[in-house]
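Q: Fold the following and give me the result.
(chains A and B)
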Amino acid sequence: MATIIKNQQIVADSWQLLKLGPNGELPPVAPAGDIIVPLALWLALRELLTSRAGRLGVWLDSHEDPAAIAGDFDRLALVAVNFSAFGDGRGYSIARLLRERYGWRGELRAIGVVGREHLFFMAGCGFDAFMLREDHDAAEALTAFGDFSDAYQASVERPLPLFRRRFLASPDGMEWS
Amino acid sequence: MYLYDEIDQRLVDERVAQFRGQTRRFLAGKLSEDEFRPLRLRNGLYIQRYAPMLRVAIPYGLLSAKQLRKFAHLARTYDRGYGHFSTRQNLQFNWPKLEDVPDILAELATVQMHAIQTSGNCVRNITTDHYAGVARDEIVDSLVWCEVLRQWSTFNPEFSYLPRKFKIAVNGAEADRAAVRVHDVGLHAVRDANGDVGFRVLVGGGLGRTPIIGHVLREFLPWPHLLTYLDAILRVYNRYGRRDNLQRARIKILVKERTPEVFRKEVETEWTHLKDGPATLIPGEIARIERRFTRPRYQKLDPLASGYVLALTRDRAFANWVRRNVHPHKVPGYAAVTLSLKKTGVPPGDVTAAQMDAIADLSDRYSFGELRVSHEQNLILADVQLSQLHALWHEARALGLATPNVGLLTNIICCPGGDFCSLANAKSIPVAAAIQRRFDDLDYLHDIGELDLNISGCMNACGHHHIGHIGILGVDKQGAEYYQISIGGAQGSDAALGRIIGPSVSQADVPDVIEKLIDLYLARRDSEEERFIDVVRRIGIEPFKEHVYGNHNQESANRSRQLAAA
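A: Residues are numbered from 1 along each chain as shown, chains lettered A, B, ... in the order given. I've put the predicted structure just below:
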């Protein structure tokens, strides 16, 4: 069985990723099983997809707007974001929007061009699951989460920026909080 | 100097370890060339024409004597004994070996330096006015705000893979000495009617292939909102900036395509969600960063008792140098001094290891062990006592660092060009040298007066040719190196982009063209007070064009010259 990295561990994965055809055709949907469908399929076939057996996830491509699924969270078990290239950074913003603005609490999975070098920043932006490229060694990739021991910025992982955490830990901050 | 605390230091150390791992994985074949490229770039490492080039950050241009000595050591150990100061407050080594770079970065980390985000599609080294903290027209000390932004931009998880590079400049004084209008984001400190500090926010300026003057996004952004507002700008850019075409990927294109008004609305909408969030700055943080800066312990001096006025009257060469290279200081009895890296015959911005050590000594003895790096590729001792100027001048002159040409034609801003850079269409250093030789007569140079001459070896505009009073751009013309000349550009508060005067000319002809431009200027100026740029603005470029090209076109002029030379 395939594996992914989830919560910084290598785990077995039962989800099947569906993709649109080369000309944007909707893919066939099996009656059962856990599937992650492209946004277009979800928007076209909501009722059918929610009535089938098996869990449902939706994946967003990097140009797609997370607002499109913000009202659907109670019907989804997973949201994924696709990275189309090594340097395509749009998914980082999409992840923060899903977590911080729209309040997605379930699994947030990075798919596409996802390698060891991306994991630290992706985790900062709220991804907790990573479908690693097949040519990357998952065990070695786990070390990426420890690349840095802290971060200056506010992020999903660290909602308070370093300067606020520093301040709260200072004598002034104790009084202030 | 800003002194790292233990977290600042740890993050830089961890970066070295991370890059060591990436380099090892690349050399072991586990990372492809294409994957390693963005990783090495964000650690300042380019693969250049002849060897790698390593660009080290000098955050907001502030450098200690100890750090400069480290540069000297690195230049000797890993390079060919020199370094090059760029126009963006960086130092570039041109000959390091790829496998040595992790060790070089580790050495830099021991003196609180790094090459983080000096290249790549991320927020680059934040730049500022080289007189920050000592200028008489100071509104705020921009160094403090630059450090706030350095921390915000360093390893920002959301904005590490932007569509393209992103350059931010901060100006803390009345006059703009940070070129805020030609940056992706320019921040100009202002005070409101109550005296509260905020920033005028400009966006979408830049040079390069599509030069544009930035648009004002906000006239007054109160300082606590600085980071959340930048987050909003960057998020809009990260999501919607073009990624399909490298030449159209800078934020200036997004602002232009959407119009500044629409872009502003998008940013404001995004900001409503971020405003007053956890990234809102607090006074305690600004005070903390301020306290971590060491400050010069100025003495109470009587400027009149310095004796330097007497030296001025006695020594004309010294007086020339003071006139050009010594600048006013906010503390009585002190001055800021430019050590010129523009000696004729030396590539602009280049410094040898021996000079670095000597300059470090000068800064220890004359200026509290600190230096500034200017975007004009000079070094500045920012806190020199007036009474020591004469002695400093003697020492600087012996080191070849006292060329009295700041603000003059031979203080050329110049990129490394085709001698080093794989992007360049043409060489730039020999062109600078030829012009410097042509205008080597100091009296003549001073008579010409203030003139910025900038040279770029290609349209990426690292030499800022668009904003030179005279700009020179290297172009490729059927495989030959030619140079396009523009005039009328300017930096600062009256920033403007130069206009091309006509067909490009060969390298050998460039000094002649410059001389013709100067001849016409001298003939047409009202008085010595009217600068070259003022005359261009008053009479337009046509008279210059005519004077340079005459009635016949440049092609035939070139041909006849080539025939004559053959």
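Q: Going by C-alpha atoms from here, please, whenever you check contacts or count neighbours.
A: Will do.
Q: B:Gln299: neighbouring residues, count only.
A: Per other Cα atoms under 10 Å in any protein chain shown, the neighbour tally for B:Gln299 reads 11.
Q: Run through who's touching stretch B:313-331.
A: The contact list for stretch B:313-331 (Cα atoms under 8 Å, 6 or more residues apart in numbering or on different chains) reads B:134-136, B:298, B:311-312, B:334-340, B:383, B:390, B:393, B:402-407.
Q: Next, the buried residues of that stretch.
A: Neighbour counts over stretch B:313-331 (16 or more other Cα atoms under 10 Å in any protein chain shown) mark B:Phe318, B:Ala319, B:Asn320, B:Trp321, B:Val322, B:Arg324, B:Asn325, B:Val326, B:His327, B:Pro328, B:His329, B:Val331 as buried.
Q: can you list the residues you listed in TSV and add distance to B:Ala358?
A: Converted to TSV, the buried residues of stretch B:313-331 look like this (distance: Cα to Cα, whole Å):
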residue	distance to B:Ala358
B:Phe318	20
B:Ala319	23
B:Asn320	23
B:Trp321	19
B:Val322	21
B:Arg324	22
B:Asn325	19
B:Val326	19
B:His327	22
B:Pro328	24
B:His329	24
B:Val331	26
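Q: Dump those into a markdown table; add secondary structure, distance to B:Arg55 and pLDDT as well.
A: What follows is the buried residues of stretch B:313-331, written out as a markdown table (DSSP: H, G, I helix; E, B strand; the rest coil; distance: Cα to Cα, whole Å; pLDDT from 0 to 100):
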| residue | secondary structure | distance to B:Arg55 | pLDDT |
| --- | --- | --- | --- |
| B:Phe318 | helix | 35 | 95 |
| B:Ala319 | helix | 36 | 93 |
| B:Asn320 | helix | 34 | 92 |
| B:Trp321 | helix | 31 | 94 |
| B:Val322 | helix | 32 | 95 |
| B:Arg324 | helix | 29 | 92 |
| B:Asn325 | helix | 27 | 95 |
| B:Val326 | strand | 29 | 96 |
| B:His327 | strand | 29 | 96 |
| B:Pro328 | strand | 31 | 95 |
| B:His329 | coil | 31 | 96 |
| B:Val331 | coil | 34 | 96 |
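Q: Which residues of chain A lie near chain B?
A: Contact residues (Cα under 8 Å from any Cα of the partner chain) of chain A with chain B: A:63, A:86-90, A:92-93, A:96, A:101, A:120-122, A:124-125, A:147-155, A:159-161, A:163-164, A:167.
Q: And the residues you listed, which of them are buried?
A: Buried members of the residues of chain A next to chain B, scored by 16+ other Cα under 10 Å, are A:86-90, A:92-93, A:96, A:120-122, A:124-125, A:147-148, A:151-155, A:159-161, A:163-164, A:167.
Q: Out of those residues, which sit inside helices?
A: Among these, the members falling in helices (DSSP state H) are A:Arg90, A:Tyr92, A:Ser93, A:Arg96, A:Phe120, A:Phe121, A:Met122, A:Gly124, A:Phe163, A:Arg164, A:Phe167.
Q: what number of residues lie near the residue lying closest to the second one once chain neighbours are set aside?
A: Yep, that's A:Tyr92 we're talking about. Closest residue to A:Tyr92 apart from its sequence neighbours, by Cα to Cα, 6 or more residues apart in numbering or on different chains: B:Glu158 at 5.1 Å. Per other Cα under 10 Å, the neighbour tally for B:Glu158 reads 26.
Q: Could you say which helix or strand holds B:Glu158?
A: Using DSSP states H and E, B:Glu158 maps to neither a helix nor a strand.
Q: returning to what we had before: among the contacts of stretch B:313-331, which are in strands?
A: Secondary structure defined by DSSP state E assigns B:Tyr334, B:Ala335, B:Ala336, B:Val337, B:Thr338, B:Leu339, B:Asp383 of the contacts of stretch B:313-331 to strands.
Q: who does the second one bridge with?
A: In this structure, B:Ala335 has beta-bridge partners B:Pro328, B:Val384, where bridges are defined by DSSP bridges.
Q: Tell me the confidence at it?
A: With respect to pLDDT, B:Ala335 has a value of 96.
Q: How about the fifth one?
A: pLDDT, the model's per-residue confidence, is 97 for B:Thr338.
Q: That one reaches B:Asp383, doesn't it?
A: No. Using Cα atoms under 8 Å as the test, B:Thr338 is too far from B:Asp383 to be in contact (10.9 Å).
Q: Mind jotting down where the strands sit in chain A?
A: A:3-6, A:9-12, A:16-17, A:35-38, A:56-60, A:78-83, A:107-112, A:129-130.
Q: Mean neighbour count, the ones you listed: which tops it?
A: Most buried of those, by mean neighbour count (mean count of other Cα atoms under 10 Å in any protein chain shown): strand A:129-130, with a mean of 26.
Q: what's the distance between B:Asn460 and B:Asn425?
A: Taking Cα to Cα, to the nearest Å as the measure, B:Asn460 falls 10 Å from B:Asn425.
Q: quick revisit: Throw together a ChimeraX command that grabs the buried residues out of the contacts of stretch B:313-331.
A: The following ChimeraX line selects those of these that are buried, judged by 16+ other Cα under 10 Å:
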select /B:134,135,312,334,335,336,337,338,339,340,383,390,393,402,403,404,405,406,407
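Q: Can you pull the domain assignment for the chain?
A: Let's take chain A. A:3-146, A:150-177 (automatic domain parsing).
Q: hm, I was asking about chain B
A: Split into domains by automatic domain parsing, chain B comes to B:6-109, B:127-290, B:306-398, B:413-565.
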